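Chemist: need coordinates for the following:
(one chain, ligands or ions: 2)
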Amino acid sequence: MNILVIGSGAREHTICRKLLESPEVGDVYCLPGNFGMKNNGIKLVHINPFEFEEVIDFTKNNSITYTVVGPEDVLVAGIVDEFKKNNLLIFGPSKEAAQLEGSKDFAKQIMNSSNVATASSQTFGDINEALSYLSEVEYPIVIKKDGLASGKGVVIADNLEIANEVCSKFLNETGSTIIIEEYLDGEEISAMYFVQGLNSYPMPFSQDYKRAFDNGEGPNTGGMGAYAPLKQMGVEERKAADKIIEAVLVELNRRRIEFTGIIYAGLIKTNNGIKVIEFNVRFGDPETEVVLPLLESDLAVNILEILQEKKTKFIWNDRLSYVCVVNATKGYPSNPSKVKINAFPKLEKTKIFYSNLDSEERSSGRSFVIVGSGTNIKEAQEEVYKEVPEIPGFFYRKDIGK
Ligand code: AMP
Ligand code: GLY
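Modeler: Ligands and ions are numbered 1, 2, ... in the order given. Below is the predicted model of the structure:
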């Protein structure tokens, strides 16, 4: 079979390489992909993913068996609905189901109706109402932009002064709504599931490092590194996560919203149990880079069987651990510079996955990810840090997996 993957990040690079491991797979295309993918036999398709008609024509003309969607923005824009109108197989949720990530308000409604524990929150469109609310709350408090923000629309404000400033800035930028949310304290878990209707298949838990700099300092980013699995989380946490996904799927089903694709629950283990911070409707980035290497079954076949509404069997490696470190250009996330990678790293044991590398080998923001493995996190961490290259113009965190 031939498979099309939509997206251009290190996450899509990882998905494409995993699909190419399958003996059932002929060609893997990535649309638009990036130039860092070319060495791995991935075929790049120079089409804008939002030009749905062109994407659909491409799949028809190239005998694509099915399409996998990486990023949320194309899902929220409704690519899946357009594919379905053309009777084409595509792995991802419809526009309506993608609101689980696209609208924090919709996600809160689903959580409230399915009794899933989450941070209490209020939505504001009016600056004066927001400011008056902020004068009464306890700190720290969390302020979020509604809609998609690539992980950069969240600020944890320690005091009223910062909160006021952030609220005004966000409301000016979005011109619409912000969410002010209770701060939850605890360890975070990225819990991803393959989903088809009411059936779900868990992936091993992983953990992402959201802040830009070591020791959790600096602004929130899309993620600066990750590791999997989480040995500190056991049966109890797994049961709690499964229960959350089941409740959400039942609620979506009750509303006649069909979900096929990935649900990623961002969880936090508080003193009062596991609570949901957010849902995403796609693979996490960089979590995918440490979770998919643990998959021993055939990803291409697993996804095909899900799309055919058959039961499928995922097999996960329980002997290895993976750690990945993201390299970003200086200034990321607020003002990333554009840098040319002059010397491509030579790696012995680790693997590299590229993000948004252009035809002149320039990149901006999160640029490439180095992934190492071992029989435990410490070994994987040692392997990865031995090989992370020092390239002028880039920075990376030195404490991933600690
Ligand atoms: P989000 O974009 O909603 O995933 O938030 C990004 C990051 O902000 C999360 O991974 C957390 O680290 C942090 N965060 C978001 N909401 C909360 C909350 N209610 N309490 C504590 N931390 C939060
Ligand atoms: N790494 C967080 C995300 O993919 O949303």
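
Chemist: return the per-residue confidence for L295.
Modeler: For L295, the pLDDT comes out at 98.

Chemist: distance-wise, check it relative to ligand 1.
Modeler: Between L295 and ligand 1 the computed distance is 24 Å (C-beta to the nearest ligand atom, to the nearest Å). To be clear about C-beta, it is placed using only N, CA and C from the backbone, and glycine gets the same treatment.

Chemist: count of residues packed around that residue?
Modeler: 17 (other C-beta atoms under 10 Å).

Chemist: now the closest residue to R319 other than its chain neighbours: phi and psi?
Modeler: Setting aside the residues directly before and after it, R319 is nearest to T375 in space (C-beta to C-beta, 6 or more residues apart in numbering), at 6.6 Å. With angles defined as degrees, to the nearest 10, T375 sits at phi -80, psi -10.

Chemist: neighbours of T375, how many?
Modeler: 10.

Chemist: and it, what pLDDT?
Modeler: 98.

Chemist: give me the helices and strands touching the helix or strand harbouring I56, please.
Modeler: Secondary structure from DSSP states H and E places I56 in helix 52-61. Applying 3 or more C-beta pairs under 8 Å, 6 or more residues apart in numbering; DSSP states H and E, we find helix 52-61 packed against strand 2-7, strand 28-32, strand 64-69, helix 79-85.

Chemist: only the buried residues of it, if you could.
Modeler: F52, V55, I56, F58, T59 (16 or more other C-beta atoms under 10 Å).

Chemist: let me know the closest of those residues to V142.
Modeler: Using C-beta to C-beta, F52 comes nearest to V142 of the buried residues of helix 52-61, at 34.9 Å.

Chemist: how close does that closest one get to E82?
Modeler: Distance of F52 to E82, given as C-beta to C-beta, to the nearest Å: 4 Å.

Chemist: cool, V248 as well?
Modeler: The gap separating V248 from E82 is 25 Å, by C-beta to C-beta.

Chemist: cool, and E54?
Modeler: 11 Å.

Chemist: closest to the centroid, which residue in this structure?
Modeler: The centroid of the chain falls nearest to G284 when counting by C-alpha atoms, centre = their mean (2.0 Å).

Chemist: enumerate every residue touching that residue.
Modeler: When contacts are counted by C-beta atoms under 8 Å, 6 or more residues apart in numbering, G284 is found next to R11, S190, M192, S206, D208, G223, A226, Y264, V291.

Chemist: the residue nearest to R319 against L320, yeah?
Modeler: Yes: with contact defined as C-beta atoms under 8 Å, T375 counts as touching L320 (6.6 Å).

Chemist: beta partners of T123?
Modeler: As for beta bridges, T123 partners with I179 under DSSP bridges.

Chemist: that one: neighbouring residues, count only.
Modeler: T123 has 16 neighbouring residues, counting by other C-beta under 10 Å.

Chemist: quick one: least confident helix or strand in this protein?
Modeler: Every helix and strand in the chain was compared by mean pLDDT, DSSP states H and E; the lowest is helix 160-174, with a mean of 85.

Chemist: coming back round to it: so the residue nearest to the centre of the chain: helix, strand or coil?
Modeler: coil (DSSP: H, G, I helix; E, B strand; the rest coil).

Chemist: give me the distance between it and ligand 2.
Modeler: For G284, the distance to ligand 2 - C-beta to the nearest ligand atom - is 4 Å.

Chemist: for L19, same thing?
Modeler: 19 Å.

Chemist: average model confidence for the helix or strand containing that residue?
Modeler: According to DSSP H and E, L19 maps onto helix 10-20. Averaged across helix 10-20, pLDDT comes to 98.

Chemist: ok, and what's touching it?
Modeler: Residues contacting helix 10-20 (C-beta under 8 Å, 6+ apart): 3, 5-7, 25, 28, 30, 33-34, 36-37, 40-42, 68, 70, 283-286, 288-289, 292-293, 295, 299-300, 326, 353-355, 366, 368-369.
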